[in-house]
Every structure is written in structure tokens, then in C-alpha cells.
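**Student:** what's the 3D shape of this:
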Amino acid sequence: MKRIAIVEDNRDNRLLLRAIIDDRYELVEYATGRVALDAIRSDPPDLILLDISLPEMDGTEVLRRLRSDSTLARIPAIALTAHAMRGVRERLLAEGFDAYVVKPIVDEEALLETIARLLDTSVAGDTLSDSPAIPPNQAATPSNERDGPQGDGK
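**Tutor:** Predicted coordinates for the structure are as follows:
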């Protein structure tokens, strides 16, 4: 069974992701970028769902460090973000993410299809950097949840 690392500081978002994908993949969860980075280095997953707004070390920095490590550089990574403004998709893909998903997750099938595509593609050795899970013109509905340390509704 393929293993996915969920790197997300918000407990409710981790629970939602678990509810969507737990029956299809083995999951490991990390609440901070630093903890995730250490764990991924010692036991790499097949794919990473990586929140952008993390405490201590944000998701783009975690990804930068993963991509600079030759043994981890090819692990597909999907950005999880509550930011759906114009240009975010392009910036995240340029920073090395293979796809992105806007939170809150409103299209479970799109997430599942993106994960499956990236896992299939990573086996073949290709990338899918131009295929977001949620079309960039789809507006995200802000969450009322405020339990993250930055209080940004993630």
C-alpha cells in the first residue's frame, strides 16, 4: 500500500484528509514542517500533502529542503493552501510542487484523482506540474476555523 505523509498543523484539516484517503493509502501525519522533514528523511513516503502555512518552517521551505536532497527530490508533493488568489498556483508550481489543492477541500474526487495520477507518474519517473487538483479559477470559501497559530483560517 502506498504511503502518504500529511504535513498539516490544523487538526481538523488532518482529520478531513484522513477521512477522504485513509481507506486507500497508509497515512502518516505531522503537525510541523521540522518534524515532518526529519521523519521524511528517515522514512520517505510515496507522496506528501504539504500545508503551506506551517509554524516554525513553512511548507515551501520544507519542499525546498526536500528537493535539495537527491534521495528525496523526486517524491511528489501537493501543496495545501487556503490561498486561491491569482498567481498562487503558478508560484507554487514554480517552487517545485507537483500540484496544489485549495482548502477547504470541496472536491474530494479531484484530490483523489490528483494523488492517484502523481503516484502513478512518480513510478514512471515523470512529473505532472501543470495539473492542479482544483482549477485555479475556482474560488475557495474561507474557513471559519481559527485554531492555527497564525489564525489565518487554515
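
**Student:** Which residue comes closest to residue 36 once chain neighbours are left out?
**Tutor:** Take residue 36 and drop its neighbours on the chain: the residue closest to it by C-beta to C-beta, 6 or more residues apart in numbering is residue 30, 3.6 Å away. (Each C-beta comes from the backbone N, C-alpha and C, glycine too.)

**Student:** in the sheet, who's paired with that neighbour?
**Tutor:** residue 7 (DSSP bridges).

**Student:** For burial, what's the neighbour tally of it?
**Tutor:** Residue neighbour count, defined by other C-beta atoms under 10 Å, stands at 23 for residue 30.

**Student:** I figured it was touching residue 45, is that so?
**Tutor:** No - with contact defined as C-beta atoms under 8 Å, residue 30 does not reach residue 45; the gap is 10.2 Å.

**Student:** who touches both of those two?
**Tutor:** Common contact partners of residue 30 and residue 45 (C-beta atoms under 8 Å, 6 or more residues apart in numbering): residue 5.

**Student:** Show the pLDDT at the residue nearest to residue 36.
**Tutor:** As predicted, residue 30 sits at a pLDDT of 98.

**Student:** again with residue 102
**Tutor:** 92.

**Student:** try the one 5 residues further on
**Tutor:** Predicted confidence (pLDDT) at residue 107: the value is 93.

**Student:** Check residue 17 too.
**Tutor:** 97.

**Student:** I'd say it and residue 10 touch.
**Tutor:** No - taking contacts as C-beta under 8 Å, residue 17 lies outside contact range of residue 10: 10.0 Å.

**Student:** Thank you, goodbye.
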